[in-house]
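**Q** could you look at this predicted model? Sequence included:
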Amino acid sequence: MFRLCAILALASLSASLAIAQNPGNPVTVRADGLGSPIGLIADPFGDFIVSDTAGKQVWWVTTDGRKQVIARDQITVNHGLPWVSPSGIGWDVFANLIIITQRQTHKMTPKSTFTVMFTMDDVKGVALAPDGSLWFAGSDHPAVRHYDPFGTYIETMSWTAANNESTPYLIASSQAGDVYFVTSGPTAPTNVYKVTGKQGQLLFQTSFHAAGLAIDADGNLYFTGDQEGNVYKYSPSGAALENPFASGLDHPTGIAFGRNSDGSMNSRLFVVEGSGRLVELNSGDVSQRGAPIGFATATQATADLLKPGALTDAQRRVLDNVGNKNGRYDVGDLRAFLIQTTTLSPGARFGAGGKP
Ligand SMILES: [Ca+2]
């Protein structure tokens, strides 16, 4: 009897070992045919925006596989410069989509109106901070630059380069306003920095080539390793957690948390692969939702104003920063915000045809 129990226990142990896997596995394919995706970000309604560097276009894509090109050659037509390799994408606080191409950084309103924010070679990544300000990482004259919510330059961060690197390219902000950026150089690994004051402080060096970065509400960092086919998780202070978090991916690049249809963040974690697929990690094991940084629509801001206490401290800071910057929220701040969002109609989606 003892022997039988021991055999059964061993069989049970080996079965559990056989099914043991990384928390982010298995993954589920949600969409494909997206070319060579680089950037991934959730839109205000729970769908996704993907930059496709091979197709030189930007996709709107849903988690049930519908997709539509929302931007491509029209930028060339409008501005005369070739639109090469859209890479970094992000939002400004007014829910305009920021699209970084090789030579220019563009702003696209929900009604598909394009403007050029600035012309600068080799800007790679953009991040929206909780105060509504914008951060850009660029590899030409390597720099991490800080802009106000309207796109006006504020300052440039400096850092002491480690490991002979030259090119900052990924950048993201936590809910607490901590800004992280990633550099690479002639040799792997990549280096992860945290902005402290006006300096970038080296946090850790990776053993993989980081190709995407997302941050959850606890400040944990999720990186894709495109050459390794993995996702890696680190604490806000750079301690390795659950690595690899997911494996077996096909050259994963962009990584982003999902949003619910009301715009709130959820704990579903998505990745785009070099083969053109949007996949969802095993979100049951993602412990925290995405960091709720981002835009409010004019409708949301107005509705929240009518519900005392509904605005979060972060939203109040955003509105004050857009408004008169006097350190507190007042109605004039909301007015300034609404003036900036006049092009936004409630429920508007990208493209003249709306949601396919
Ligand atoms: Ca104010």
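**A** Here it is on my side, so go on. It should be emphasised that the depicted structure is a prediction, and the values quoted were computed from it without experimental measurement.
**Q** can you count the residues close to D178?
**A** When counting by other CB atoms under 10 Å, one arrives at 18 neighbours for D178. C-beta coordinates here come from the backbone N, C-alpha and C atoms, glycine included.
**Q** go on, R328?
**A** Residues near R328, counting by other CB under 10 Å, number 11.
**Q** can you tell me the SS state at it?
**A** coil (DSSP: H, G, I helix; E, B strand; the rest coil).
**Q** where do the helices sit along the stretch 1-150 of the chain?
**A** Using DSSP state H, counting those that start in this stretch, the helices of the stretch 1-150 of the chain run over 2-19, 74-79.
**Q** least confident of the ones you listed, on average?
**A** With a mean of 48, helix 2-19 has the lowest mean pLDDT of those.
**Q** give me the domain ranges for the chain.
**A** Per the record, the chain has its domains at 23-285, 298-340, by automatic domain parsing.
**Q** okay, those domains, which one's buried deepest?
**A** domain 23-285 (a mean of 19; mean count of other CB atoms under 10 Å).
**Q** now check that domain, is it near the ion?
**A** No - on the criterion CB under 5 Å from the ion, domain 23-285 is out of touch with the ion, staying 12.4 Å away.
**Q** how distant is that domain from the center of its chain?
**A** Centroid separation for domain 23-285 versus its chain: 4 Å, with CA atoms, centre = their mean, to the nearest Å.
**Q** please shift the residue numbers so they start at 57 in all later answers.
**A** From this message on, residue numbering opens at 57, which makes the last subject domain 79-341.
**Q** give me every residue that touches the residue in the chain that the ion sits nearest to.
**A** Closest to the ion within the chain is D376: 3.9 Å, counting by CB to the ion. By CB atoms under 8 Å, 6 or more residues apart in numbering, the contact set of D376 is 382-386, 389.
**Q** where does G410 land on pLDDT?
**A** pLDDT, G410: 38.
**Q** then F264?
**A** Per-residue pLDDT puts F264 at 92.
**Q** partners of the closest residue to it other than its chain neighbours in the sheet?
**A** Nearest residue to F264, sequence neighbours excluded (CB to CB, 6 or more residues apart in numbering): G281, at 3.3 Å. Counting by DSSP bridges, G281 is bridged to A266, N286.
**Q** hmm, back to that, any idea which of the domains of the chain scores lowest on pLDDT?
**A** Lowest mean pLDDT of those: domain 354-396, a mean of 71.
**Q** and the residue nearest to L90 when sequence neighbours are not counted, how far is that from L96?
**A** Distances taken as CB to CB, 6+ apart put G332 closest to L90, at 4.4 Å, once the chain neighbours are dropped. Distance of G332 to L96, computed by CB to CB, to the nearest Å: 12 Å.
**Q** which stretches of the stretch 207-356 of the chain form strands?
**A** In the stretch 207-356 of the chain, the strands defined using DSSP state E, counting those that start in this stretch lie at 209-215, 223-229, 235-240, 247-252, 255-261, 266-271, 277-281, 286-290, 296-302, 308-315, 321-329, 334-336.
**Q** helices or strands up against the longest one?
**A** Same thing as strand 321-329. Packing contacts for strand 321-329, counted by 3 or more CB pairs under 8 Å, 6 or more residues apart in numbering; DSSP states H and E, involve strand 93-98, strand 308-315, strand 334-336.
**Q** to S189, which of those lies closest?
**A** Closest to S189 of these, according to CB to CB: strand 93-98, at 17.4 Å.
**Q** what comes into contact with the closest one?
**A** Contacts for strand 93-98 (CB under 8 Å, 6+ apart): 104-109, 115, 141-147, 268, 309-315, 321, 326-330, 332, 334, 346.
**Q** alpha carbons only: can I get it in CSV?
**A** Written as CSV, here are the backbone C-alpha positions of strand 93-98 (Å, rounded to 0.1, in the frame of the first residue of the first chain):
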residue,chain,number,x,y,z
PRO,A,93,4.5,45.3,-35.8
ILE,A,94,6.7,47.4,-33.5
GLY,A,95,4.4,49.5,-31.3
LEU,A,96,1.3,48.4,-29.4
ILE,A,97,-1.0,50.5,-27.3
ALA,A,98,-4.7,50.2,-26.2
